[in-house]
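J.: coords please:
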Amino acid sequence: MKLWSTQSCAQNERFSYWREVLCEAFVSLNPVLEEKQRAIDFVGEVNSRPLSTTAQTRVFSRAQHIERRGEEIRRNPVEYCFANFQLEGSCVVRQDSQESLVLPGDFSIVDSTRPYFLDYQGDWQVLSFRIPREQVISRLASPYKATARRVDGNTGMGLVASRFARSLEQVELDMGSGISDGLSAALNSIIAIALGATLEAQERDRLPVREAFRMAVETYIRDHLEEPHLGPDMLALRFKVSRRTLYGLFEDAPLSVSGLIRELRLQRSARDLLSPGHAGVLAIALRWGFSDASHFSRLFKRRFGVCPREFSDYALKGDYDARLSPLPGAGP
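T.: Numbers count the residues shown, from 1 in each chain. Okay, here's the model as predicted:
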C-alpha cells in the first residue's frame, strides 16, 4: 500500500508535489488550478494498493481540473482504462466528443490512450481503478461510446458496480493471488456490463458477475439496515431484478436475503444494548428496522438465548462476547 499526502510538504510546494503524485499513482497528467484558487491552500491525498493487475486508489483533493493531453500521452504512452467512482463532490468528464457530469455514487471511465479532461469544482473524493485497457475494451460492444459516460450508481448495474467497488476496499491485502485475480476480473466484468458488454463477454463472465452481484447486495444491505422498508421488494426494485433473481443470488449462501437482513439487524441491536446509557429496547428496535417490540423480543431471544433487557445486563458482567458471534455469512 502506498500513501501520498501534500501535508508532508511546505505550503508553497504542495501543488507541484501533487503533480508528481498524480503522475506516479496514475499516468502522466497535468493538474491545473484556476486563477482564483491559491496553491498555498491546496491539499491532496492519494492512497493506493494493488488488486491483481489493477491498482485501487482513493483520492481526495480540492477544486482543480486534471488533463491528459497529447504531450502527456507521448511522454507516457501506456494503455489503461480508469474507472472513477465519485464518492464526494462532482466532476465534469470529457473525452472524444462526449461530456458528462458525474455525481456522488456515479462512475465513469476514461481511456489513457486518448486525451481526456476532468473538472472538479469543489472538494472531491474518488475511488479509482487503473485497469489494463484490454481487460475493459475487449468486453465492450462500443468502446468509443463508453468513455466519459455517466453511469448512474443508484440503480441497476450501476448500483451493483458502485457497491462492489466499495466492498473491495474491505478485502484483505494478503488474500492470495487466486482470490485477487477473481475479484479484479469480476469488477472488470461488471463495469463492462454497466457500460454495454458484448453478449460473448456477458456469457463468459456470468459466474463472477453473479458472485459480485451478491457481494454488492450484501454491501447495500449493511449500509441501509436502518431503513424500515429494507427487504426483498426494495432490493429487487433498487437493483432492477426480479425477486426470483434476487433469491437465486443467495441460494448457495449460508443465509437468505431476509435472513441476512434479520441477522445483521439483531447484531446491531445487540451491540447498542451493550452500550452504557442506551436509549432503551424499543428505541433500539425501531432504529434497526423492527416495528413491533414483541416480535423483536421473540427474534432476539431466539438468536441470543435471552430477552433484550436481560442481554443488556451482560454489559456489566462482561459475559457477552460469545453471544455476539455472527452467524455464518453475516460477517461483521
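J.: Going by C-alpha atoms from here, please, whenever you check contacts or count neighbours.
T.: Noted.
J.: per-domain residue ranges of this protein.
T.: Following automatic domain parsing, one finds the domains of the chain at 2-223, 265-324.
J.: can you tell which of those domains is closest to L237?
T.: Among these, the nearest to L237 by CA to CA is domain 2-223 (8.3 Å).
J.: Endpoints of that closest one, how far apart?
T.: The straight-line separation of the ends of domain 2-223 (CA to CA, to the nearest Å) is 27 Å.
J.: Pull the distance from it to the chain's centre.
T.: 11 Å (CA atoms, centre = their mean, to the nearest Å).
J.: pLDDT of it, averaged?
T.: Averaged over domain 2-223, pLDDT sits at 91.
J.: I261 is in contact with T219, isn't it?
T.: No: I261 lies out of contact with T219 (CA atoms under 8 Å); the separation is 11.1 Å.
J.: neighbour count winner among those two?
T.: Shown here are I261 and T219; by other CA atoms under 10 Å, I261 has more neighbours (22 against 16).
J.: The more buried one: helix or strand, and which one exactly?
T.: Following DSSP states H and E, one finds I261 within helix 257-273.
J.: next helix or strand past that helix?
T.: Following helix 257-273 in sequence, per DSSP H and E, is helix 281-287.
J.: Give me the helices and strands touching that following helix, please.
T.: helix 257-273, helix 293-304 (3 or more CA pairs under 8 Å, 6 or more residues apart in numbering; DSSP states H and E).
J.: if we go to 10 Å?
T.: Helices and strands touching helix 281-287, by 3 or more CA pairs under 10 Å, 6 or more residues apart in numbering; DSSP states H and E, are helix 257-273, helix 293-304, helix 308-317.
J.: buried residues in that helix?
T.: Across helix 281-287, burial judged by 16 or more other CA atoms under 10 Å covers 281-282, 284-287.
J.: Same question for stretch 3-21.
T.: Judged by neighbour count using 16+ other CA under 10 Å, the buried positions of stretch 3-21 are 4-6, 14-15, 17-19, 21.
J.: circling back to that earlier point, what's the spacing between the helix holding I261 and its chain's center?
T.: On CA atoms, centre = their mean, the centre of helix 257-273 falls 22 Å from that of its chain.
J.: ok and that helix relative to helix 308-317, angle-wise?
T.: Angle, helix 257-273 to helix 308-317, by axes from the mean of the first three to the mean of the last three CA atoms, to 10 degrees: 50 degrees.
J.: how far off helix 293-304 does helix 257-273 point, in degrees?
T.: Angle, helix 257-273 to helix 293-304, by the same axes, to 10 degrees: 90 degrees.
J.: Show me which pair in the buried residues of stretch 3-21 is furthest apart.
T.: The farthest-apart pair in those, when distances are taken by CA to CA, is W4 and F15, at 12.6 Å.
J.: Nearest residue to R19 in space, please, no chain neighbours.
T.: Closest residue to R19 apart from its sequence neighbours, by CA to CA, 6 or more residues apart in numbering: P31 at 6.2 Å.
J.: now do E227
T.: Using CA to CA, 6+ apart, the nearest residue to E227 is G289, at 6.0 Å.
J.: What of D111?
T.: Once flanking residues are discounted, D111 sits nearest to C81: 4.6 Å by CA to CA, 6+ apart.
J.: With L33 instead?
T.: Nearest non-adjacent residue to L33 (CA to CA, 6+ apart): Q64, at 4.9 Å.
J.: Repeat that for D152.
T.: Counting by CA to CA, 6+ apart, the nearest residue to D152 once its immediate chain neighbours are dropped is D106, at 4.9 Å.
J.: ok, that neighbour to D123 distance?
T.: Relative to D123, and taking CA to CA, D106 is found at 16 Å.
J.: Out of these two, name the residue with the larger neighbour count.
T.: The neighbour comparison of D106 against D123 (other CA under 10 Å) goes to D106, with 22 against 15.
J.: Would you agree that one is in contact with L87?
T.: Yes: under the criterion of CA atoms under 10 Å, D106 makes contact with L87 at 8.1 Å.
J.: Can you check which residues contact both of the two?
T.: Listed contacts common to D106 and L87 are S162; contacts here mean CA atoms under 10 Å, 6 or more residues apart in numbering.
J.: helix, strand or coil for the residue nearest in space to the middle of the chain?
T.: Nearest to the geometric centre of the chain sits R166, at 1.7 Å (CA atoms, centre = their mean). Secondary structure state of R166, per DSSP: H, G, I helix; E, B strand; the rest coil, is helix.
J.: Touching, it and L127? I think so.
T.: Yes: here R166 reaches L127: they are 7.9 Å apart, a contact under CA under 10 Å.
J.: Many thanks, have a good one.
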